[in-house]
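Enquirer: With the input below, show me the fold.
(chains A and B)
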Amino acid sequence: MVASAHSLPIRITSVAKSYGSAEALSDVSLDIQAGEFLTLLGPSGSGKTTLLMALAGFVPLDSGRILFGDRDVTLEPPHRRNVGMVFQNYALFPHMTVLGNVAYPLKLRGLTGAEAAERAQEALTLVQLGGFGERRIHELSGGQQQRVALARSVVFEPPILLMDEPLSALDRKLRETMQSEIRRLHERVGATTVYVTHDQHEALTMSDRVAVLKGGRLQQLDRPDRLYDHPNNVFVADFIGHSHLLPTEVEGGRVYLRGHPIKHNKTAVPNGPLVLMLRPERMEILSAGQDPDMNELSGVVQRHAFVGDALMLTVCLFGETVITVKVPRLRGLLDSVPNPGQPIRLGLHRDDTILLPAEGDGHG
Amino acid sequence: MGDERLNATALRRQSRKAYWTLLSLSFPALALVSVILFIPIAWLFSLSFVGDDGQLSLVHYQRMIEQPSYRTVFSTTFLLSLTVTACTVAIGYPLAYLLSKLSSRTANLCLLAVLLPFWTSLLVRTYAWLVLLQRRGLINTTLQSTGLIDDPLPLVHNFTGAVIGMTHIMVPFLVLPLYASMRAIDPSHMRAAANLGASPMRAFWDVFVPLSMPGLFTGMSLVFVLCLGFYVTPALLGGGRVIMIAMRIDMNLRLYNSWGAASALGVVLLVATGLILYLTARLTRLSFGSGAFR
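Expert: Numbers count the residues shown, from 1 in each chain, chains lettered A, B, ... in the order given. Here you go, the predicted model:
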């Protein structure tokens, strides 16, 4: 994370917004560090776009406060906030050339003529569109329009950059290219970046930290790896990556799965029901012997499915729960995979044994 | 050619058949249009080149250039049409802007109100203006009774009267295409402008106005062209002092029984109209590229 000299931290305090009876945001507080790349992740209706629009000044809040650095911008109109923004549909001006679009924010800041043209040209070069200045917007492909939108949002060196699902209109290949381009751009310009997406893969690969939202509430704010390995609650566990959630029984401070005691690292077992999170790639096939740190799950293989980089096993545990297990296609490892219909013993290390409160989307 | 490819000929024949089936659906309309439009226009065109003596000549066109009365007719027609177009824009642009900002439900209701005048006849609307604008009409008596003016204003039977009446009739023709094009402007363009630092006023001039231009040009050319051929309203509200091309055509026919002269004027009007429509189309295309307008 390269915090440039003029990037600003963002402090969001208890913001709330409702449309009629529908709560789009409720009591969301979030501290974003200067120069950080933070992603707002959530399903549609989670409030992530509302929060971004509130940062840009397009959504008036019902309550709460937004600070850019020391400046309270809660009541500032959009045009005085001085933040760059990339819109979902790019919102490039069709009546201006590419260069005209990129130079427009400079023009608004009183910068015209050769200097403005030079800086706009620099920004275009930064997104690898150096020779496209005189083109019309509709002559560009989707990916090129995306780059122009990026150039326009950073050309005036805003301390804060907002992006509203900027890659959702692109096909997968291009999306992956643009993901790394946006990261590279972020490192070059150093602005504090708030990125909205519903694509968890995008969120995990691009962000310094991810804020997961659901129903207008913040579920978890963490590093991508922490989010994946140690979700706060069932919703995050289910939303990020693939996971199976198995109900457990808690009795006298011990946790049981179908009567078998579960080894885990939780120091205190809370009262109330817990679920066990299983990631398909975190289970290994056990051969002979016993590892004291392993939880053993036995079942029957139902199906093999080839997915290219791995073999997916459909396994029926305890004769009733169906889960999938991802086996990487490494030589030697595949030989130990039982055929469909045969029993299998799966091991889950105690470090990977994540127990979550069964109910609720609270701040567990 | 290409027949060596599997089924190429049969497939081509099939698609051609579908094309002709579709095309044949328009034949009745095409036939009607040629009978009632193309043939009369061709006839009109040929009439304008026949002199009073029945010989082929350019005498009607020559007269148009030489006679000062014709020159007055042309300049009046164009000046009046331009003035009305300008007034229509002054009234219609803010109206269309307001409509485009309303919810589409409310906007549809308001559009209905804009279109309401179409439910009464043009003649009735024109006479209504006569009632309002005349010397002892509603406007003048009100102004006099409040003491704002001493003598009645000359609001009708002149250029002003024609402008007022025609503007009223023309506003919907501007508002409809303009409103449609304003509705089509993506609100995120205005948001983008604001985000980049443009005040609402600045964003309006820099982004909204340019993006509404195609609709404005369409509406303006529609109004202007309709004004060029306008007869009833300028005739009644102009009080004989405002002679438009259409009135001159009428005069040529009824007073002088000269079909040739009337046809020549008709041809000039037609050509001028076509030219204006062509130029508007070119202008719109030039400033906005060949489409791809979201």
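Enquirer: Report the residue spans of the chain with pLDDT below the cut-off.
Expert: Just so you know, I chose chain A. Under the criterion pLDDT under 70, the flagged ranges of chain A are A:1-5, A:289, A:360-364.
Enquirer: hmm, I had chain B in mind actually
Expert: Across chain B, the ranges flagged by pLDDT under 70 are B:1-3, B:286-294.
Enquirer: ok, now with 50
Expert: Within chain B, the segments meeting pLDDT under 50 span B:289-294.
Enquirer: From chain A, how far off is B:Leu283?
Expert: 13 Å (C-beta to the nearest C-beta, to the nearest Å). For every residue, glycine as well, the C-beta is placed using N, CA and C.
Enquirer: In this structure that residue contacts B:Thr218, no?
Expert: No: the criterion here is C-beta atoms under 8 Å, and B:Leu283 misses it with B:Thr218 at 10.7 Å.
Enquirer: neighbour-wise, which of these two wins?
Expert: B:Thr218 (21 against 14; other C-beta atoms under 10 Å in any protein chain shown).
Enquirer: ok, that one touching B:Ser181?
Expert: Yes: using C-beta under 8 Å, B:Thr218 is in contact with B:Ser181, at 7.4 Å.
Enquirer: Can you pull the residues that touch both of these two?
Expert: Common contacts of B:Thr218 and B:Ser181 (C-beta atoms under 8 Å, 6 or more residues apart in numbering or on different chains): none found.
Enquirer: need the residues of chain A near chain B, please.
Expert: Within chain A, the positions near chain B by C-beta under 8 Å from any C-beta of the partner chain are A:56-58, A:77-85, A:87-89, A:91-95, A:104-105, A:108-109, A:136, A:138-139, A:152, A:156.
Enquirer: Please spell out the ChimeraX selection for the buried subset of these.
Expert: Provided next is the ChimeraX selection string for whichever of the residues of chain A next to chain B are buried by 16 or more other C-beta atoms under 10 Å in any protein chain shown:
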select /A:56,57,58,78,79,81,82,83,84,85,87,88,89,91,92,93,94,95,104,105,108,136,152,156
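Enquirer: Please flag which of the residues of chain A next to chain B sit within helices.
Expert: Among the residues of chain A next to chain B, the members found in helices (DSSP state H) are A:Ala56, A:Tyr104, A:Pro105, A:Leu108, A:Arg152.
Enquirer: OK, contacts around the third one?
Expert: The reference is to A:Pro105. So A:Pro105 contacts A:Arg152, A:Val155, A:Phe156, B:Leu196, B:Gly197 (C-beta under 8 Å, 6+ apart).
Enquirer: try A:Gln220
Expert: Counted by C-beta under 8 Å, 6+ apart, A:Gln220 has contacts A:Ala211, A:Val212, A:Leu227, A:Pro231, A:Asn232, A:Asn233, A:Val236.
Enquirer: secondary structure class for it?
Expert: Per DSSP: H, G, I helix; E, B strand; the rest coil, the secondary structure class of A:Gln220 is strand.
Enquirer: what's the neighbour count on the residue nearest to it when sequence neighbours are not counted?
Expert: In this structure, A:Gln220 finds its nearest non-sequential neighbour in A:Asn232, 4.2 Å apart by C-beta to C-beta, 6 or more residues apart in numbering or on different chains. Residues within reach of A:Asn232, counting by other C-beta under 10 Å, total 20.
Enquirer: So A:Asn232 sits against A:Gln219, correct?
Expert: Yes: if you go by C-beta under 8 Å, A:Asn232 and A:Gln219 touch, sitting 6.4 Å apart.
Enquirer: Tell me the one of the contacts of A:Pro105 nearest B:Leu153?
Expert: Nearest to B:Leu153 among the contacts of A:Pro105: B:Gly197, at 47.5 Å, using C-beta to C-beta.
Enquirer: give the contact list for the closest one.
Expert: Counted by C-beta under 8 Å, 6+ apart, B:Gly197 has contacts A:His79, A:Arg80, A:Asn82, A:Pro105, A:Leu108, A:Arg109, A:Phe156.
Enquirer: Which helix or which strand is home to it?
Expert: For B:Gly197, there is no helix or strand it lies in under DSSP states H and E.
Enquirer: Distance of it relative to A:Pro77?
Expert: Between B:Gly197 and A:Pro77 the computed distance is 11 Å (C-beta to C-beta, to the nearest Å).
Enquirer: All set now, cheers.
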